[in-house]
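Student: can't give you the sequence, but here's the structure:
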DNA sequence: AAATGAAACGTTTTT
DNA sequence: CGTTTCATTT
């Protein structure tokens, strides 16, 4: 039975009666077991599994909890539980309602936003208007953080930008309009659209369980309320709230008992993860933050206690080398070791030094994979097929044709939509209108005079786009590739076959060739053979990885959206874990190295000057050190020879009593 | 309007 | 350091 393994405090929480329950679960106190136990309790008491909704911070976390439930319940029961991240669950519901959901990468939406922003001229005030990107970030934060109107929310933080606010609002309005026109949906829209349909149509759950409750934002809070569940089971730890930049609203957890009059509060205070000395260190530091609910941690395991170590180095890379060497000479399996840092900029140095010693490592957040041109191209071709309104995807694709830039590509797009009477794919494959409107017959005719190959192709293909003023043999050859590919996959449903055909197509081959040449060109303009074959191999490797991923999906647009929703959860292979503090949330490791503990970097003072709080930085430190089960190593360097900057130790090292103020003033 | 090369820039964290 | 923006040439 799933409840047998719980201790008294966990059991009390897991078996609480239906209602509004808040469980304060400090680091390593068996939060997951308690949630699993809670669901087991609900199932034992006869609740329909369909009536349970489990919301987690990552899809991986949801998967792990369900996997544990499957030890006690048949798979058919467990799979009926609705679960996943807020975004994944909302996507599923929207999809079931058959609304076309074409989820777009934030980077794409930023480009769109910027193009709209640039249509608006900002006259010269003494004040500089916010940049397009910054305004986009603000708007996105607003959507997550506030239920007020944008201008109201905005002016309360930036009153001096009042002169711009009307223009900002116009830009945002136009942005929303264009998103609708192209059929695009952002991460935030997944939640916003769900809230909207919940106004007219109810989805009912007996109990909603919310993991990592401290990191839910206002929007997510509104969504939970909009579902009107009979019972709520929220689990979190305010000391681990680290997503303020994403609108995480610590008030969701801190005012829980006042918002819900009948609320019950439970505390898990026995830590089974870490040794006593690690916990004491963590507590010494976090006690500098105001306490919202009282808690004193108890040590639940009696492992051999190795006191945390502080290591100080004269230079950044000396630190990375020493850590790599320590990992190299230790007997702990690589998968049980993590190097944790505040800023991603630390990762490259650590990775490089580990590689030097031949130690494999994995970095979470495969942004590099999805950001490469070869992968983007594949996804664009597929996105366009599943959402023919996606002009941006078309532009990205067609700009690879020689002599074609955004302007010409856009003309082609509009022409093809015209030829297909509103349907781009039809316009490409089977235009119902046979010719383009002739704006300028003189130039149209002149095109065919000196270009035999085009005349020949035109007769063979007979596609009206050939008579476009900007058509030439190069870009029409590219067009034929696109046409050929889309006609090949007309009747194909399976994502993996669709991708396999794309990878083998002349269309993709032309891109591979182009990119490989680009990447193998030396400064003097010559192509180096080795580089060329290497580049080609790397491209095809990525293409194959995407192909492998696609095998798990039955529908192409499910696959595409999953690639965007779960882009960060793609981690492959074995090796030492290289993680930001944020990415380390919810994980645990035998040995943990927290690196670059310098004032300015951790706490990150740049962020604090932009409204970040020292309390949040302290919580980040708390999260980082409580990942360690047995050995915790803290380190910093006093100098960065690349940037030529000197560093002082992080204030958290003093708070942790790893350093004394008096010690340090001598060394500095 | 596209392509190319030079200069500037900025560097947080995530679904 | 790598990307992104700007300026220049075709």
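Tutor: Sure, I can see it. Small disclaimer: the values here were computed from a predicted structure and weren't measured.

Student: who's in contact with residue A:85?
Tutor: A:55, A:56, A:57, A:58, A:59, A:62, A:565 (CB atoms under 8 Å, 6 or more residues apart in numbering). Placement of C-beta: from N, CA and C, glycine included.

Student: Distance of whichever residue of the stretch 101-250 of chain A sits closest to DNA strand B relative to residue A:303?
Tutor: Here the stretch 101-250 of chain A gets closest to DNA strand B at one residue, residue A:245, 3.4 Å apart by CB to the nearest atom of the strand. As judged by CB to CB, to the nearest Å, residue A:245 and residue A:303 stand 35 Å apart.

Student: between those two, which one's more packed in?
Tutor: Neighbours per residue, other CB atoms under 10 Å: of residue A:245 and residue A:303, the larger number sits with residue A:245, 16 against 13.

Student: Would you agree that one falls within a helix?
Tutor: Yes: Residue A:245 forms part of a helix when assessed by DSSP: H, G, I helix; E, B strand; the rest coil.

Student: on that earlier part again, tell me if I'm right that the residue of the stretch 101-250 of chain A closest to DNA strand B and residue A:140 touch.
Tutor: No: Residue A:245 is beyond contact range of residue A:140, at 10.5 Å (criterion: CB atoms under 8 Å).

Student: In terms of secondary structure, what does the longest strand seen in chain A contact?
Tutor: For chain A, the strand with the greatest residue count under DSSP state E is strand A:628-637. With contacts taken as 3 or more CB pairs under 8 Å, 6 or more residues apart in numbering; DSSP states H and E, strand A:628-637 sits against helix A:276-286, strand A:309-313, helix A:316-329, strand A:589-594.

Student: Show me which parts of the shortest one are buried, residue by residue.
Tutor: Spelled out, it's strand A:309-313. Residues of strand A:309-313 classed as buried by neighbour count (16 or more other CB atoms under 10 Å): A:310, A:311, A:312, A:313.

Student: Identify the residues contacting the third one.
Tutor: Residue A:312 makes contacts with A:635, A:636, A:637, A:638, A:649, as judged by CB under 8 Å, 6+ apart.

Student: which among those gets closest to residue A:516?
Tutor: Residue A:516 has its nearest neighbour among the contacts of residue A:312 in residue A:637, at 39.2 Å by CB to CB.

Student: Just give me the neighbour total for the closest one.
Tutor: Close neighbours of residue A:637, defined as other CB under 10 Å, add up to 24.

Student: Verify the stated contact: it with residue A:597.
Tutor: No: in this structure, residue A:637 is not within contact of residue A:597 by CB under 8 Å, at 9.4 Å.

Student: re the thing from before, next secondary structure element downstream of the longest strand of chain A?
Tutor: Moving toward the C-terminus from strand A:628-637, the next helix or strand (DSSP states H and E) is strand A:639-640.

Student: which residues of the stretch 201-350 of chain A fall in helices?
Tutor: A:218-226, A:251-254, A:256-259, A:276-286, A:316-329, A:345-356 (DSSP state H, counting those that start in this stretch).

Student: Just checking the last one against DNA strand B, any contact.
Tutor: Okay, so that is helix A:345-356. Yes: residues of helix A:345-356 contacting DNA strand B under CB under 7 Å from any atom of the strand: residue A:345.

Student: That helix - contacts with which helices or strands?
Tutor: Contacts defined by 3+ CB pairs under 8 Å, 6+ apart place helix A:345-356 against helix A:316-329, strand A:337-341, strand A:361-363, strand A:576-580.

Student: And those: which comes nearest residue A:152?
Tutor: The closest of the helices and strands packed on helix A:345-356 to residue A:152 is strand A:576-580. By CB to CB, the value is 33.3 Å.

Student: chain center to the helix or strand just after the closest one: distance?
Tutor: Downstream of strand A:576-580, the first helix or strand assigned by DSSP H and E is helix A:581-584. Here helix A:581-584 shows a centroid-to-chain-centroid distance of 12 Å under the convention CA atoms, centre = their mean, to the nearest Å.

Student: List the contacts of helix A:581-584.
Tutor: Contacts for helix A:581-584 (CB under 8 Å, 6+ apart): A:242-243, A:338, A:340-342, A:364-365, A:568, A:577, A:620-621, A:623-624, A:627.

Student: For the longest strand of chain A, which strands pair with it and how are they oriented?
Tutor: strand A:309-313 (parallel), strand A:589-594 (parallel) (DSSP bridges).

Student: Would you format the helices and strands packed on strand A:628-637 as TSV with distance to residue A:232 and mean pLDDT included?
Tutor: Below are the helices and strands packed on strand A:628-637 laid out as TSV (distance: least, CB to CB, whole Å; pLDDT from 0 to 100):
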stretch	distance to residue A:232	mean pLDDT
helix A:276-286	26	92
strand A:309-313	42	92
helix A:316-329	43	90
strand A:589-594	32	94
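
Student: So which of those is the most surrounded?
Tutor: Neighbour counts (mean count of other CB atoms under 10 Å) averaged over each of the helices and strands packed on strand A:628-637 peak at strand A:589-594, with a mean of 24.

Student: quick one: the helix or strand just after that one to chain centroid distance?
Tutor: Per DSSP H and E, the first helix or strand lying C-terminal to strand A:589-594 is helix A:605-609. Per CA atoms, centre = their mean, the displacement of helix A:605-609 from the mean C-alpha position of its chain is 23 Å.
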